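# Just need the structure, nothing else, for what follows:
(one chain, ligands or ions: 2)
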Amino acid sequence: MKKKTDFLVIGSGIAGLYFALKAADYGKVTIITKTTIDESNTKYAQGGIASVMYGPDDFDKHIEDTLRAGDGLNDVEVVKMVITQGPGRIKDLINLGVEFDKNEDGTFDLGREGGHSYNRILHHKDRTGQEIEEKLIQTVRNHPNIEILEYHFALDLITQHHLGYPVYYCQDNIVCFGAYVQDTRTGEIKTILSKITYLATGGIGNIYQTTTNPSIATGDGIAMAYRAKAKIIHMEFVQFHPTALYNPGERPAFLITEALRGFGAKLRNTKGELFMEKYHPLKELAPRDIVARAIDNEMKKHGDDYVYLDATHIPGVELKRHFPNIYKKCLSIGIDMSTDLIPVVPAAHYSCGGVRVDMTGKTSIENLYAGGEVAATGLHGANRLASNSLLEALVFAYNSVEASKNLIKTIDFQDAIPDWNDEGTTLLEEMVLISQEFKELQQIMTNYVGIVRSNLRLHRALKRLEILYQETEEIYDRSIINQGICELRNAINVGYLITKMALRRKESRGLHFNVDYPYKLKENRFLS
Ligand code: FAD
Ligand code: SIN
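Ligands and ions are numbered 1, 2, ... in the order given. Predicted coordinates:
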């Protein structure tokens, strides 16, 4: 079945929904999303959105903090653009009904997180993402120009390759014509032709054993873009959040927001000792890569599975008021955070790398834009500053609409695209193979491509990933397509890209730490 739309939006987190709302002023928008519309990393965001609202804070300080965290790999022009456009996008959210917490005098109650030199995080209690997602969904649902297709899984981007042109023929001028999409409830595969395609598929957390990301985060967008020959960069910079709740068996790992450390909570090892002063003068509020490595080191040194977050010196009434969601969650597993220490562990959280885009969100493929976590914009460099990603998603989505709104008048649909070809495939009977291989992938990535890396471990990972890749391709080629096999294939693809790029970087920088090169090279380039 063929379907046509001006803007095809793949993903319904903050990037996809905000792009859709803005684009709907200029044409027909179709949003596809692989499960329900609300399920996304966005929904779980806790701490909030960083933006300069009042003095004594100013843009220069936010820019400086972002550059310091990014460890020399940020694109300075992009950093300036995102931070100065931030307040405008925040106003947009407020106009859409998003409520940020305020003080009694009506000013915003701005929180603090690691790496920030000022309180500048707008938040809604400790569930900012849910508040934003809900308000965006309400508005999108009521828009006559927006169609929402839930349980629609993007299989692949459509390019000239699907017209039969060999890869080498169009390498420098690849054009995106839409995507092949499966309705996962019926199995039907649709050919959705679009003038502009917006890739907003979010993160990759599930390629690791412990992650804060919900199960939708399997790196599909990066893998699809890679297969379509888009430029992918900086995949070695995987951000581990220092403090996920240690609760074995729970997936995703429940996040304990950095804002709690911003509120005064301290880290202790299992002997009860404070340890962050040994690692960085900013202690608990040092940039995330430093805190995560410090915790990893303490755990290894003492042979522990976790360290503690201590909020017991903060009055219980304040904890309940500012962190009601976390308070309730901890209580549900027998931890009263006003009197008990909270066991925490680092967890895969955010991908700084992804599909390379320019200042307008355009990828290296014509008519394909990308935004949110799937994109590598240059804002984060080698390590994202806390709460900069929701902001980045808004600014880039807005700019992508501005860049593409007139372009759609010049683009024709590519009617010659054939429908999906599944000749010679049969029903995959051994679904258990898929879940086993996914677990193996998570083990490989966690053991060999985690917080601390070495050449030996990275090479070992590559060898094992190669075997997984061969086995999975073999199953993929002969099976009737389904979401499980595609996600596995995408996740292996992403694991491979992370490992390859980690091996290529002969230094330690930001989130990438290799014991064989425990130093930084002098280069200061955005492109890897
Ligand atoms: P997402 O919100 O992840 O949305 C991706 C969408 O794509 C989903 O709808 C998914 O179903 C869909 N999708 C994926 N693959 C396919 C496919 N193949 N076909 C169809 N649909 C597909 N950042 C901050 O700035 N501040 C915070 O306080 C903060 N807290 C966080 C807390 C947690 C627990 C987590 C996990 C992240 C947090 N982050 C925070 C990071 C931030 O939430 C994310 O980076 C951001 O929400 C990503 O938005 P997105 O729109 O790019 O992707
Ligand atoms: C948090 O609330 O600690 C997460 C913030 C982020 O990932 O930016």
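
# The residue lying closest to Asp304 once chain neighbours are set aside - how many residues pack around it?
The shortest distance from Asp304 to any non-neighbouring residue, by C-beta to C-beta, 6 or more residues apart in numbering, is to Thr270 (4.8 Å). C-beta here means a position set from N, CA and C on the backbone, and glycine is covered the same way. When neighbours are counted by other C-beta atoms under 10 Å, Thr270 registers 16.

# what does the one 5 residues further on give?
By the other C-beta under 10 Å criterion, the neighbourhood of Phe275 contains 19 residues.

# ok, back up a step: correct me if wrong: the residue nearest to Asp304 contacts Val307.
Yes - here Thr270 lies in contact with Val307, judged by C-beta atoms under 8 Å, at a distance of 6.8 Å.

# if we can go back for a sec, contact partners for the residue nearest to Asp304?
Applying C-beta atoms under 8 Å, 6 or more residues apart in numbering, one finds that Thr270 lies in contact with His302, Asp304, Tyr306, Val307, Tyr308.

# So which of those residues sit within helices?
Counting by DSSP state H, these place His302 in helices.

# Can you check the contacts of Thr270 and name whichever has the most neighbours?
Val307 (27 neighbours).

# On the pLDDT front, check it for me.
With respect to pLDDT, Val307 scores 98.

# Let me see the contact set for it.
When contacts are taken as C-beta under 8 Å, 6+ apart, Val307 is in contact with Leu267, Arg268, Asn269, Thr270, Phe275, Ile295, Glu298, Met299, Pro343, Val344, Val345.

# ok, back up a step: which members of the contacts of Thr270 are positioned in strands?
Val307, Tyr308 (DSSP state E).

# would you list the contacts of Thr270 in JSON lines and tack on distance to Lys320?
Converted to JSON lines, those look like this (distance: C-beta to C-beta, whole Å):
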{"residue": "His302", "distance to Lys320": "32"}
{"residue": "Asp304", "distance to Lys320": "29"}
{"residue": "Tyr306", "distance to Lys320": "24"}
{"residue": "Val307", "distance to Lys320": "24"}
{"residue": "Tyr308", "distance to Lys320": "20"}
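
# check contacts around Ile480.
Ile480 neighbours (C-beta under 8 Å, 6+ apart): Gly187, Asp422, Thr425, Thr426, Leu427, Leu428.

# So what's the residue count around the residue of the stretch 251-400 of the chain found nearest ligand 1?
For the stretch 251-400 of the chain, the residue closest to ligand 1 is Gly372, as judged by C-beta to the nearest ligand atom, at 2.1 Å. The local packing of Gly372 (other C-beta under 10 Å) involves 33 other residues.

# ok, back up a step: ok, of the contacts of Val307, which one's closest to ligand 2?
Val344 (11.3 Å).

# For that closest one, pull up the helix or strand it's in.
According to DSSP states H and E, Val344 maps onto strand 342-351.

# could I get that strand in PDB with only the CA atoms?
C-alpha atoms of strand 342-351 as PDB (Å, rounded to 0.1, in the frame of the first residue of the first chain):
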ATOM      1  CA  ILE A 342      19.600   5.200  48.200                       C
ATOM      2  CA  PRO A 343      21.700   2.500  46.400                       C
ATOM      3  CA  VAL A 344      22.700   3.900  42.900                       C
ATOM      4  CA  VAL A 345      24.600   2.700  39.900                       C
ATOM      5  CA  PRO A 346      25.600   4.300  36.600                       C
ATOM      6  CA  ALA A 347      23.400   3.400  33.600                       C
ATOM      7  CA  ALA A 348      23.500   4.000  29.900                       C
ATOM      8  CA  HIS A 349      21.500   7.100  29.400                       C
ATOM      9  CA  TYR A 350      22.200   9.200  26.300                       C
ATOM     10  CA  SER A 351      23.900   9.000  22.900                       C
END
